[in-house]
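*Asks:* Fold the following.
(2 chains)
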Amino acid sequence: DVKVTQSSRYLVKRTGEKVFLECVQDMDHENMFWYRQDPGLGLRLIYFSYDVKMKEKGDIPEGYSVSREKKERFSLILESASTNQTSMYLCASRSGAGPYEQYFGPGTRLTVT
Amino acid sequence: GENVEQHPSTLSVQEGDSAVIKCTYSDSASNYFPWYKQELGKRPQLIIDIRSNVGEKKDQRIAVTLNKTAKHFSLHITETQPEDSAVYFCAASISNYQLIWGAGTKLIIKP
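*Replies:* Take a look at the predicted model:
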């Protein structure tokens, strides 16, 4: 079974803090994704990485950056957290060779006060 | 760019009845259409998917149909059970990597 883990289930940070969210997968997947999930808006892609050290912007990259130094780990960084970044953050991974199923982590509920 | 619309946002059905959730997409180049189920407090999981060269796919009580001409696809759940209660997301693939997601449908199964 694919296992995708995220560093925290719940996180509370103050406005202006630098926030690190980490995601680790154990299936040697090439592709990894960061989404944010807000009610009524579905899943919106922040960034994705198709291989180590490779990254591409998704639909809402503003205010975020990412790092992928090792194949199993994909980090999302909020350089200066703001209240409008309060959300559920979901990480996912997928094999680059197919099938196309994305495997999700349990999510991190981030609250910025 | 690609846009995926999903309807309804909430669907309430009697246990044992069928449920249908519909999605439309805008980019005719989209070629892969998955459906994910997210139970309360849990992560989304793939339940069924379909490629653009197939019109229908079934897996026990769930099925997905695709109409490429009209650019819409639907999820059908028959003989609904309490464990079908969840939020369902459709998505369309615009590239090898990126999925565009619908806003989700909350399915409520009434006993």
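*Asks:* any low-confidence regions in the chain?
*Replies:* You didn't say which chain, so I picked chain A. A:1-2, A:98-99 (pLDDT under 70).
*Asks:* Just want the most central residue of it.
*Replies:* Closest to where the C-alpha atoms of chain A average out (C-alpha atoms, centre = their mean) is A:Trp34, at 2.8 Å.
*Asks:* Secondary structure element holding that residue?
*Replies:* strand A:31-38 (DSSP states H and E).
*Asks:* So the helix or strand just after that strand, near chain B or not?
*Replies:* Downstream of strand A:31-38, the next assigned helix or strand under DSSP H and E is strand A:42-51. Yes - Strand A:42-51 reaches chain B (C-beta under 8 Å from any C-beta of the partner chain) through A:Gly42, A:Leu43, A:Arg44, A:Leu45, A:Phe48, A:Tyr50. Glycine gets a C-beta too; all of them are placed from N, C-alpha and C.
*Asks:* Quick one: the strands in chain A, in order.
*Replies:* Under the criterion DSSP state E, chain A carries strands at the ranges A:4-6, A:10-13, A:19-25, A:31-38, A:42-51, A:54-57, A:64-70, A:73-78, A:87-94, A:103-104, A:108-112.
*Asks:* So for B:His76, which of the ones you listed sits nearest?
*Replies:* strand A:42-51 (20.4 Å; C-beta to C-beta).
*Asks:* Partner strands of that closest one, with direction?
*Replies:* strand A:31-38 (antiparallel), strand A:54-57 (antiparallel) (DSSP bridges).
*Asks:* Show residues contacting the first one.
*Replies:* Outside strand A:31-38, the residues within contact range by C-beta atoms under 8 Å, 6 or more residues apart in numbering or on different chains are A:21, A:23, A:25, A:43-51, A:58, A:60, A:64, A:66, A:68, A:74, A:76, A:87-96, A:102, A:107, B:97.
*Asks:* A:Pro106: neighbour count?
*Replies:* For A:Pro106, the count of nearby residues is 15 (other C-beta atoms under 10 Å in any protein chain shown).
*Asks:* right, and it touches B:Arg43 too?
*Replies:* Yes - look at A:Pro106 against B:Arg43 with C-beta atoms under 8 Å: they come within range, at 5.5 Å.
*Asks:* Do I have it right that A:Arg14 meets A:Thr113?
*Replies:* Yes - between A:Arg14 and A:Thr113 there is a contact at 5.9 Å, judged by C-beta under 8 Å.
*Asks:* From chain A, how far off is the residue nearest to B:Lys106 when sequence neighbours are not counted?
*Replies:* Nearest residue to B:Lys106, sequence neighbours excluded (C-beta to C-beta, 6 or more residues apart in numbering or on different chains): B:Thr10, at 4.7 Å. Going from B:Thr10 to chain A by C-beta to the nearest C-beta, to the nearest Å gives 11 Å.
*Asks:* In contact with B:Thr10, which residues?
*Replies:* Counted by C-beta under 8 Å, 6+ apart, B:Thr10 has contacts B:Thr105, B:Lys106, B:Ile108.
*Asks:* That's all I had, so thanks and see you.
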